[in-house]
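Novice: what would the 3D arrangement of this be:
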Amino acid sequence: MILSATGGAAAVAAVVPPVAPAVLQNKAVPSKKAPQSAMLAVTRAGPRLVASGERGIILLSDDAGVNWRQANVPVQTSLTALRFTDQQRGWAVGHLGTIVHTADGGVSWSLQLDGMRAARLAADGLSASGHPPDQKLAEQFIAEGPDKPFFDVDFSDGLHGYVVGAYNLAFSTGDGGKTWQTLTPRLPNANSLHLYAVRARGDKVFIVGEQGLVLRSRDGGASFEALPSPYKGSFFGLLLTRSGTLLAYGLRGSLYRSSNDGADWQAIATNVGNAIGAAVERDDGSLMLLTHNGGILVSADDGRSFAPHKTGAAAPVAGVAAAPDGALVLATLRGLRRQPTP
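Specialist: Take a look at the predicted model:
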């Protein structure tokens, strides 16, 4: 609802945001069936495995994914992505603009940002540009409130991190998430395409999204450039290997590799027709890609070629992590499962 027709920041300030939904105000409910819930992400925090999913569920395992226990989480929003910078410090992001943080290895979590504040931060950043289309988008962000999800998060160290989401929503932090700044006005994404994945290392930040969107920053997020894309479909994920290789993946088994920070890409044959939804680099340097129908693609040559295997997963795979004992742990829409290494 718009209460004023005045322009610029005054118009944005006059927009009345919706009331925060209950799921942003209530803690995740403990459940013995949590490991069988729809799980959307899993990662390592040292030897510990941490997984996240629907209704604010975060689970911990200290025995390579055999047994799980539920963490204390302050929200009930679905949590779509996880990232740890060491054994203690981690972040999870998800629906309704949620960012939660842990400093104790995932045992307890605190809310750093929600969609109400995210919408205001994004609107303030757009309003400051003075550009009429940005002013309109700023008012839209406030009016719609916390309806936009975050899809991914990454940190280059314990302080510098990035989150991306729907409709060009993106934020960065330089203090471990104590404060967040909008990146939206800096992104060359005029059509507000969804941003599905972000990877950061040092001052380099890479973002991929809808319609083959590929963005790169070489100054820690201060500025971004759009790179020529090898693909017109959506990129759902991005793997940045220890060697610096980039693998962008998406619909119908589409996979592209870059060894020069995204300047050039090579199509990699996968011979699968399903979307690729998750990827991981194991301790031995081998790469694993997971398809939505439960297939595994394995590379032993830094992503130059892949061989197919089958997981036997009974539900689409949304996330994957390599357990300390070498097994793969899959986050699926029917819960968590261990998978022997191919």
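Novice: next up, the contacts around residue 303.
Specialist: Applying C-beta atoms under 8 Å, 6 or more residues apart in numbering, we find residue 303 in contact with 239, 241, 245, 247, 257, 268, 287. Every C-beta, even on glycine, is put in place using the N, C-alpha and C of the backbone.
Novice: can you confirm it is in a helix?
Specialist: No - residue assignment for residue 303, taken from DSSP: H, G, I helix; E, B strand; the rest coil, gives coil, which places it outside any helix.
Novice: returning to what we had before: in the contacts of residue 303, find the pair that's most separated.
Specialist: The span of the contacts of residue 303, defined through C-beta to C-beta, is set by 241 and 268 at 13.2 Å.
Novice: need the overlap of contacts for these two.
Specialist: When contacts are counted by C-beta under 8 Å, 6+ apart, residue 241 and residue 268 have 247, 303 as shared neighbours.
Novice: highest neighbour count among the contacts of residue 303?
Specialist: Highest neighbour count within the contacts of residue 303: residue 247, with 24 neighbours (other C-beta atoms under 10 Å).
Novice: let me know the next secondary structure element after the helix or strand where that one lies.
Specialist: For residue 247, the host element (DSSP states H and E) is strand 246-250. Moving toward the C-terminus from strand 246-250, the first helix or strand encountered (DSSP H and E) is strand 255-258.
Novice: what is that following strand packed up against?
Specialist: Other helices and strands packing on strand 255-258, by 3 or more C-beta pairs under 8 Å, 6 or more residues apart in numbering; DSSP states H and E, are strand 246-250, strand 266-267.
Novice: now tell me what touches the shortest one from outside.
Specialist: Strand 266-267 has contacts (C-beta under 8 Å, 6+ apart) with 230, 254-258.
Novice: now do it: distance to the chain's middle.
Specialist: Per C-alpha atoms, centre = their mean, to the nearest Å, the displacement of strand 266-267 from the mean C-alpha position of its chain is 24 Å.
Novice: could you do the first one as well?
Specialist: Between the centre of strand 246-250 and the centre of its host chain there is 14 Å, according to C-alpha atoms, centre = their mean.
Novice: same question, stretch 34-47
Specialist: 14 Å.
Novice: also stretch 179-189?
Specialist: Here stretch 179-189 is found 16 Å from its chain centre; the criterion is C-alpha atoms, centre = their mean.
Novice: residues near residue 273, how many?
Specialist: For residue 273, the neighbour count with other C-beta under 10 Å is 11.
Novice: for it, give me its contacts.
Specialist: For residue 273, counting by C-beta under 8 Å, 6+ apart, the contacting residues are 252-253.
Novice: tell me the secondary structure for it?
Specialist: From three-state DSSP, the assignment for residue 273 is coil.
Novice: now do it, the pLDDT please.
Specialist: Model confidence at residue 273, expressed as pLDDT, equals 88.
Novice: same question for residue 176.
Specialist: 98.
Novice: which one is it nearest to, not counting chain neighbours?
Specialist: residue 159 (5.1 Å; C-beta to C-beta, 6 or more residues apart in numbering).
Novice: ok so that neighbour is a helix residue?
Specialist: No - Residue 159 is assigned coil when assessed by three-state DSSP, not a helix.
Novice: next, count neighbours for it.
Specialist: Residue crowding around residue 159 was assessed by other C-beta under 10 Å; the count is 14.
Novice: likewise for residue 83?
Specialist: Here the neighbour count serves as a burial measure; for residue 83 (other C-beta under 10 Å) it reads 23.
Novice: and for residue 211?
Specialist: As a burial measure, residue 211 scores 14 neighbours (other C-beta under 10 Å).
Novice: low-confidence ranges, the chain, go.
Specialist: Judged against pLDDT under 70, the low-scoring parts of the chain cover residues 1-20, 125-147, 311-314, 342.
Novice: swap in 50 and give it another go.
Specialist: Scanning the chain for pLDDT under 50 picks out 1-17, 132.
Novice: outline the domain layout of it.
Specialist: The record assigns the chain these domain ranges, following automatic domain parsing: 1-30+115-145, 40-114+146-339.
Novice: now, of the ones you listed, which is deepest in the fold?
Specialist: Among the domains of the chain, judged by mean count of other C-beta atoms under 10 Å, the one packed with the most neighbours on average is domain 40-114+146-339 (a mean of 20).
Novice: I am finished for the moment; much appreciated.
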